[in-house]
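[1] sharing a model that was predicted from the sequence below.
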Amino acid sequence: MAENPATNGAPALNALAQYCKDFSFENPNAPRSLQQQSEGPQINLQVNVNAKQLAEADFEVDLTLEGDAKIGGKDVLFAFELTYSGVFRIQNIPQDQLHPVVMIECPRLLFPFARQMVADAVRNGGFPPLYIDPIDFVALYRQRAAEVQNQPNGGQTLS
């Protein structure tokens, strides 16, 4: 019988739930947008991670993917916004390492599911599926930490 990591003091990260919190897909110029294009689309993507503490060891993490595809920088082929979330239980992690675990490891676990939802929606919208390249959540975390430190109030929170 396997021991519960929480009882023997070993670090533990468990996904208690995963869910689509909000999802929007738009194909505003259909059916014109579905015609063969002379040039490839310009894909724009924004990624955001937010978290809030639900209980002593439980955190809700939101991974937001927002993007669009345009031709010539103006005609929108499609646009999407997805907030894919999870509830995670994190135990036996030192306090100074908790924030990076929540903001890096949790979205890393959510990303493949969010990526597939976007690809399926784009395909169902009449386009080839959009498979978002893997995201470096460590670099994203460092970038956000640097931005927060440069703000007048400084400091960093889980949201």
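    Received, thanks. Numbering: from 1, shown residues only.

[2] all contacts plus neighbour counts: C-alpha atoms, from now on.
    Will do.

[3] send the alpha carbons of stretch 23-33 over as CSV?
    Taking C-alpha atoms only, stretch 23-33 is exported to CSV below (Å, rounded to 0.1, in the frame of the first residue of the first chain):
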residue,chain,number,x,y,z
PHE,A,23,-14.4,30.3,-23.3
SER,A,24,-15.2,32.4,-26.3
PHE,A,25,-14.5,31.7,-30.0
GLU,A,26,-15.4,34.2,-32.7
ASN,A,27,-15.3,33.8,-36.5
PRO,A,28,-16.6,37.3,-37.3
ASN,A,29,-16.1,37.4,-41.0
ALA,A,30,-17.4,34.0,-42.0
PRO,A,31,-17.9,32.7,-44.6
ARG,A,32,-15.6,35.2,-46.3
SER,A,33,-12.8,34.3,-43.8
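
[4] I'd like the mean pLDDT over that stretch, please.
    Mean pLDDT, stretch 23-33: 90.

[5] buried ones in it?
    Neighbour-count burial for stretch 23-33, counted by 16 or more other CA atoms under 10 Å, picks out Phe23, Phe25, Glu26, Asn27, Ser33.

[6] repeat for stretch 119-136
    By neighbour count on 16+ other CA under 10 Å, the buried set for stretch 119-136 is Ala119, Asp120, Ala121, Val122, Gly125, Phe127, Pro129, Leu130, Ile132.
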